[in-house]
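**Q** I'd like to go over a predicted model; first the sequence, then the structure.
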Amino acid sequence: VINFAVVILQYFSGYGQDYIGGIFGTSKGCNGSLLIFLCIVFAKTILSFMRGEEKMSKCIFVSVASLLVSTLSELKMFFILFILILFMASFVTAHSIKKTLFFAFGAVLVVLFSTLLTVLYKDFTDFLSFDSLIKALTDTGYATDEDIGRFTALPVISQRFLPGFFRKLFGLGLGNCDSSSLSMFNTPFFESHQTVHYSYFSYAFLFLETGFVGLALYASFFVSRKLKKLEMADEFACQMSIILSVISLILLVYNSSLRMEIGFMLFFVLALPIISANEQRESDDVYI
């Protein structure tokens, strides 16, 4: 609720798009943190509702507020993640009529707020159309013709910066491509190649420093969260972990938010099954 109010205040104070971050501030790119926050809040609410533990009125409010926030802050990706979270929450919980009805209601909300986004920001007309999605998948550059695209990073980086078999496997080494808020601490590689914008995407940064091996090991963590259900772990915690692990894999490619401070909030959610299982074991030991 506080975040929702702050976003409204920021919008009517003259901020827009990448500069609307709600409780995460108004610096450029702060809406990357906002995206993770919205995913966690919405996933928790919709999952609680589908488990019969949350009122529909609250679920409707959180859904509408989340979509309005994503509209004002131009978080186009959240519209897709909204539907994905709805689908996964339905998949991991028991079937019911109210779930089906809310899924249809959610789809209507996405259409309404995506339309509002195109009214507020004229540049994003038809951004959810099939042609727009294909263009986003195949564009070679993100900001310019010289940098990498979201889905072209691996071949471009592999060809330009990782010659040889072992470089492709293990990259340039952890920390060798890093940057800092203080330019004097930037690595030489970043100073020379920052216009490639590899730092915009977590998987591109990771691939550059650790190669295919590091990227595979990193992604395997999220896959294991999705597949593994711990004995004695809280069911709700496991379901949240499954949903957020899928979201994490998408964000790994979509932006660099997993490398930002907000990543700690997401990793905490992924750790909840382990925490709950440990708490249950400790309580059983005390009881014994």
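**A** In hand now; what should we look at? Numbering: from 1, shown residues only.

**Q** any regions of this protein where pLDDT drops low?
**A** Within the chain, the stretches with pLDDT under 70 are 124-146, 225-231, 284-288.

**Q** for the spatially most central residue of it, which residues are in contact?
**A** Central residue of the chain (CA atoms, centre = their mean): residue 251, 3.9 Å from the mean position. Taking CB atoms under 8 Å, 6 or more residues apart in numbering, we find residue 251 in contact with 35, 36, 202, 257, 258. For every residue, glycine as well, the C-beta is placed using N, CA and C.

**Q** isn't the third one up against residue 250?
**A** No - counting by CB atoms under 8 Å, residue 202 sits too far from residue 250 to count as a contact (10.8 Å).

**Q** so for those two, which sits in the more crowded spot?
**A** Of the pair residue 202 and residue 250, residue 202 is the one with more neighbours under other CB atoms under 10 Å, namely 22 against 15.

**Q** neighbours of the residue nearest to residue 81 when sequence neighbours are not counted, how many?
**A** With CB to CB, 6 or more residues apart in numbering as the criterion, residue 81 has its nearest non-adjacent residue at 5.8 Å, and that residue is residue 39. By the criterion of other CB under 10 Å, residue 39 has 27 neighbours.

**Q** also the one 5 residues further on?
**A** Burial of residue 44 is recorded as 19 neighbouring residues (other CB under 10 Å).

**Q** residue 32 now?
**A** Using other CB under 10 Å, the number of residues around residue 32 comes to 24.

**Q** next secondary structure after the helix or strand containing it?
**A** Counting by DSSP states H and E, the element that carries residue 32 is helix 31-50. Downstream of helix 31-50, the first helix or strand assigned by DSSP H and E is helix 56-72.

**Q** which parts of that next one are buried?
**A** The neighbour-count check on helix 56-72 (16 or more other CB atoms under 10 Å) flags 59, 60, 62, 63, 65, 66, 67, 68, 69, 70, 71, 72 as buried.

**Q** what helices or strands is that helix leaning on?
**A** In terms of contacts (3 or more CB pairs under 8 Å, 6 or more residues apart in numbering; DSSP states H and E), helix 56-72 is packed against helix 2-12, helix 31-50, helix 76-92, helix 97-120.

**Q** between those, which gets nearest to residue 211?
**A** Nearest of the helices and strands packed on helix 56-72 to residue 211, taken as CB to CB: helix 31-50 at 24.9 Å.

**Q** re earlier: residue contacts, the residue nearest to residue 81?
**A** 78, 81, 85, 244, 247.

**Q** I'd say the first one and residue 66 touch.
**A** It refers to residue 78. Yes - between residue 78 and residue 66 there is a contact under CB under 8 Å: 7.2 Å.

**Q** need the residues touching each of those two.
**A** With CB under 8 Å, 6+ apart, residue 78 and residue 66 have common neighbours residue 38.

**Q** end-to-end on stretch 258-269?
**A** Terminal residues of stretch 258-269 lie 13 Å apart, using CA to CA, to the nearest Å.

**Q** list the buried residues for that stretch?
**A** Within stretch 258-269, the residues that qualify as buried are 258, 259, 260, 262, 263, 266, 269, counting by 16+ other CB under 10 Å.

**Q** got the contact list for that stretch?
**A** Residues external to stretch 258-269 that are found in contact with it (CB under 8 Å, 6+ apart): 24, 32-33, 36-37, 40, 202, 205, 240-241, 244, 247-248, 251-252, 257.

**Q** ditto for stretch 233-247
**A** Applying CB under 8 Å, 6+ apart, the set of residues contacting stretch 233-247 from outside is 39-40, 43-44, 47-48, 51, 53, 81, 84-85, 88-89, 92-93, 222-223, 225-226, 229-230, 266, 269-270, 272-277, 280.

**Q** quick one, what contacts residue 62?
**A** Residue 62 is in contact with 41, 42, 45, 46, counting by CB under 8 Å, 6+ apart.
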